[in-house]
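> Predicted coordinates and the sequence they were generated for:
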Amino acid sequence: MKLDVDALRYLSKDDFRVLTAVEMGMRNHEIVPAELVDRIAGLKHGGTYKVLKNLLKHKLVHHDSSKYDGFRLTYLGYDFLAIKTLVNRGVFTAVGRQIGVGKESDIFEVATEDGTVLAMKLHRLGRISFRAVKSKRDYLMHRSNYNWLYLSRLAALKEYAFMKALGENGFPVPDAVDCNRHCVVMSLVQGYPLVQVKQLEHPDEVFETIIGLVVRLAEHGLIHCDFNEFNIMIDDDERVTMIDFPQMVSVSHRNAQMYFDRDVECIYKFFSRRFNLSDQEDRGEGDSSESDAEENGRPSFSSIAKSAGFLDRELAASGFTRKDQDEIEKFIEGGTGQKDNLSSDVEELAEEEETSNEVNDSVATNLNSLHLADQHELSESCGDKAAVEALHH
Ligand code: ADP
Ligand code: MG
């Protein structure tokens, strides 16, 4: 997705106020009634409607009048809110070129005031996981405040918390700089994803280092779950950095053994294919059950994995709770490991996203009883009334 930040410069205080009002409304509505946006924003003389038109022009909100006159944030609108907040905090001052398109994210360079270049990852979790979300409809029926903002924000919070905790425990990960909404800012990794590396001076050493990381993670109670050539970066000195953490799970997860073996398998397969490490191939073939794992020299999950203490203790300290972890696991089942069908998936899902009104249906049902309850719901869902009030000053 193209991120045209030029418009950021031309947006007024009122624009952001109304954009924020739409965001607040989305905690309870997939499509926020225009009237509710107006009430939250509290601009005089019908100002909200004029501003909404401007936001629409810049594609920061989407207008939906299929059931009632309403608006929702677009990804761009959500991007702008996060970027504006991070710029206000002084985390960076400019957004540069896009450096990565992940399955569930877009990655950009950003520059700080002193010219340091960092990486900004914008999570797009809800959109890509739409199919998975659909299959969990029963669960969603009971959650009126479910939406992609929530999922993307949760993914970013998780990634930030894991990056920070892993870095503090000596793992080679980017430095976690800051996090807001669906956006994580981290140090820029020098180097390339392993998938782009055609030759290594010391493939054996790099291989050992990478397998060593999977093992060390498990010793800390964690499994990456998407540990492959797309999420491992290599620099010119063949140093390894691992990235991409929203799908990590604890070794106490019910599918832990399978995820661990899959991570190991990915690395064995890739190295035997790309770098002709023949003994890896020999070990890599065939049944990968636990007893075989011991025999063929692969790391064995049961003899490594320790308790899940790391996850609970250190991550809770970074603001990512056990409950958040349970929530997000409902949507990302340990990563997909299928990067091949990427573009068709993206297109398909984007289409579904544009045309589907399924989620709106349940909101429409709620709407009848909503008018009186709005004010109450808002203060509840916004965490505190102060947020709404702050916006009015
Ligand atoms: P996704 O979850 O969508 O797969 P990733 O975190 O794996 O997203 O990032 C996608 C791509 O963006 C990576 O393969 C890499 O090329 C690039 N990238 C991500 N983080 C950084 C970083 N900190 N520094 C440099 N490049 C990065
Ligand atoms: Mg990735």
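Ah, there it is. Numbering: from 1, shown residues only. Ligands and ions are numbered 1, 2, ... in the order given.
> for the helix or strand containing Asn54, which positions count as buried?
Using DSSP states H and E, Asn54 sits in helix 47-57. Using 16 or more other Cβ atoms under 10 Å as the test for burial, helix 47-57 gives Thr48, Val51, Leu52, Asn54, Leu55. Where C-beta positions appear, they are placed from N, C-alpha and C, glycine not excepted.
> Which neighbouring elements make contact with it?
helix 13-25, helix 34-41, strand 61-64, strand 70-73 (3 or more Cβ pairs under 8 Å, 6 or more residues apart in numbering; DSSP states H and E).
> Could you check the angle the longest one makes with helix 47-57?
What it means is helix 13-25. 90 degrees (axes from the mean of the first three to the mean of the last three Cα atoms, to 10 degrees).
> one step back: tell me the one of the buried residues of helix 47-57 nearest ligand 2?
Leu55 (31.2 Å; Cβ to the ion).
> What residue, apart from its backbone neighbours, is nearest that closest one spatially?
Val61 (4.6 Å; Cβ to Cβ, 6 or more residues apart in numbering).
> repeat for Val173
According to Cβ to Cβ, 6+ apart, the nearest residue to Val173 is Leu166 (4.7 Å).
> Run a quick neighbour tally on that neighbour.
A total of 24 residues lie near Leu166 under the criterion other Cβ atoms under 10 Å.
> let's number from 34 now, not from 1
Understood, numbering begins at 34; the last thing we discussed is Leu199.
> Got the phi and psi for it?
phi -70, psi -40 (degrees, to the nearest 10).
> Wait, the residue nearest to Leu88 touches Arg105, no?
Yes - in this structure, Val94 is within contact of Arg105 by Cβ atoms under 8 Å, at 6.7 Å.
> So which of those two has more stuff around it?
Val94 (26 against 22).
> For the residue nearest to Leu88, which residues count as its bridge partners?
Legend: beta-bridge partners of Val94 under DSSP bridges are Leu106.
> mind listing what it touches?
By Cβ atoms under 8 Å, 6 or more residues apart in numbering, the residues touching Val94 are Leu52, Val55, Leu85, Leu88, Phe104, Arg105, Leu106, Thr107, Gly110.
> out of those residues, who's nearest Leu255?
Leu106 (32.8 Å; Cβ to Cβ).
> Check that closest one and give its pLDDT.
As predicted, Leu106 sits at a pLDDT of 93.
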